[in-house]
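Colleague: Structure for this input, please:
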Amino acid sequence: MAYRGRFAPSPTGELHFGSLVAALASWLCARRQHGEWLLRIEDIDPPREMAGSTRAILTALARLGLGADAPPLFQSRRGHAYAEALQALRAEGHAFPCWCSRADLESAGTLHRDGRCISAPRGDREPAWRLRAPDRTIAFVDGLQGPQVQNMREAVGDFVLKRADGLWGYQLACVVDDAHQRITEVVRGCDLLDSTPRQILLQRLLGLPTPAYLHLPLAMDAEGRKLSKSNDAPSVDLGNPGATLVCALRFLAQDIPEAADPAAMLHAAAERFDPGRLHGLTARVAEANLGTSRQRPAG
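Modeller: Here you go, the predicted structure:
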């Protein structure tokens, strides 16, 4: 199968440096394989979205020369596909309705791992739908982080596929859309490494292909916190897109090509891209967001 990679941001803020690193690395991996690079806007959680974020993210990617090979896929328009997947899981006995609130689970002091709802059914609201987590170990080899092993019941429990408010769970939507877009390798940040076993389990239960996975070291601020929208990470500097790309390439331990514009820089960077240099990287500090990046001291 021809290589297909993707970048899948959530529209909860503008593009920050940590997201740029993931976007650039996935773009470079796709171009190195002479494959396609796709975009997906994961807009399935409206309460967390920030107005104008989608346009800002797409504008930033365009200014930086990171062009996709197809129009972006919007998860907000894919509810029918997620409903079909949920119905398939229900038909095989893998999903069950759950009226447990967060307070119910906190009072129980445990993960939801019983394969059934521990609360009484309620007629005043719709239930959430959970996957009945099996006592099964999922093992895979990450392209950068190496062998990974996780027992579904003990480590994760019965996770949500569809929320009680009708919104779709991230894990189900991600799996359905990776298959729909025929993604062959997922390149993303290490903060999502823990989600991968759940996604592999869903792929197996739904009879969907499993892509390769490569999880990148996280970009950190000077205090050692992950650069993220929840931590108010500043947006990337689009006033000088060439300098912004230089910082991201340096973060990924790649050669810095001399080029007059972002398009030429990316073309040269793709030709020189050495994924072997990613190995051995740990969490790295991006000073002042776009200054020189340095490896975080051990401990």
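
Colleague: For the stretch 151-299 of the chain, which segments count as helices?
Modeller: Ranges of helices within the stretch 151-299 of the chain are 170-180, 196-206, 241-251, 262-272, based on DSSP state H, counting those that start in this stretch.

Colleague: what's the angle from the third one to helix 262-272?
Modeller: The directions of helix 241-251 and helix 262-272 differ by 20 degrees, with axes from the mean of the first three to the mean of the last three CA atoms, to 10 degrees as the criterion.

Colleague: Show me what helix 241-251 is packed up against.
Modeller: Applying 3 or more CB pairs under 8 Å, 6 or more residues apart in numbering; DSSP states H and E, we find helix 241-251 packed against helix 17-32, helix 262-272, strand 284-286, strand 293-295. Placement of C-beta: from N, CA and C, glycine included.

Colleague: Equivalent analysis for the last one, please.
Modeller: Using 3+ CB pairs under 8 Å, 6+ apart as the contact test, the elements touching helix 262-272 are helix 17-32, helix 241-251.

Colleague: and the shortest one, what's its mean pLDDT?
Modeller: On average, the pLDDT along helix 241-251 is 92.

Colleague: buried stuff in that helix?
Modeller: 241, 244-251 (16 or more other CB atoms under 10 Å).

Colleague: The stretch 1-150 of the chain: helices as residue ranges?
Modeller: 17-32, 53-63, 79-91, 102-108.

Colleague: I'd like a version of the ones you listed in TSV, one that adds mean neighbour count, mean pLDDT and distance to residue 128 as further columns.
Modeller: Shown next, in TSV, are these (neighbours: other CB atoms under 10 Å; pLDDT from 0 to 100; distance: least, CB to CB, whole Å):
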stretch	mean neighbour count	mean pLDDT	distance to residue 128
helix 17-32	24	95	29
helix 53-63	18	95	26
helix 79-91	15	98	11
helix 102-108	11	70	11
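
Colleague: Give me the below-cutoff pLDDT ranges for this structure.
Modeller: 107-111, 120, 221-233, 280-299 (pLDDT under 70).

Colleague: try 80 this time
Modeller: 1, 101-114, 116, 118-125, 219-235, 260, 280-299 (pLDDT under 80).

Colleague: got the domain boundaries for it?
Modeller: Domain segmentation of the chain under automatic domain parsing yields 4-77+217-295, 79-173.

Colleague: Quick one: closest of these to residue 193.
Modeller: domain 79-173 (6.1 Å; CB to CB).

Colleague: From the chain's centroid, how far away is that closest one?
Modeller: Relative to its parent chain, domain 79-173 has a centroid offset of 18 Å by CA atoms, centre = their mean, to the nearest Å.

Colleague: and if you look at stretch 159-177?
Modeller: 14 Å.

Colleague: For residue 73, which non-adjacent residue is closest in space?
Modeller: Among residues not flanking residue 73 along the chain, residue 40 sits closest, at 4.6 Å (CB to CB, 6 or more residues apart in numbering).

Colleague: dump the residue contacts of the nearest residue to residue 141 once chain neighbours are set aside.
Modeller: Nearest residue to residue 141, sequence neighbours excluded (CB to CB, 6+ apart): residue 147, at 5.3 Å. By CB atoms under 8 Å, 6 or more residues apart in numbering, the contact set of residue 147 is 139-141.

Colleague: can you check residue 131 too?
Modeller: So residue 131 contacts 89, 94-95, 158-161, 198, 201-202, 205 (CB under 8 Å, 6+ apart).

Colleague: From residue 173, how far out is the closest residue to residue 166 other than its chain neighbours?
Modeller: Leaving aside its sequence neighbours, residue 166 sits nearest to residue 126 (CB to CB, 6+ apart; 6.9 Å). According to CB to CB, to the nearest Å, residue 126 stands 18 Å off from residue 173.

Colleague: of these two, who's got more company?
Modeller: More neighbours surround residue 173 than the other of residue 126 and residue 173, with 25 against 13 (other CB atoms under 10 Å).

Colleague: I figured the more buried one hits residue 78, correct?
Modeller: Yes: applying CB atoms under 8 Å as the test, residue 173 and residue 78 come out as touching, 7.0 Å apart.
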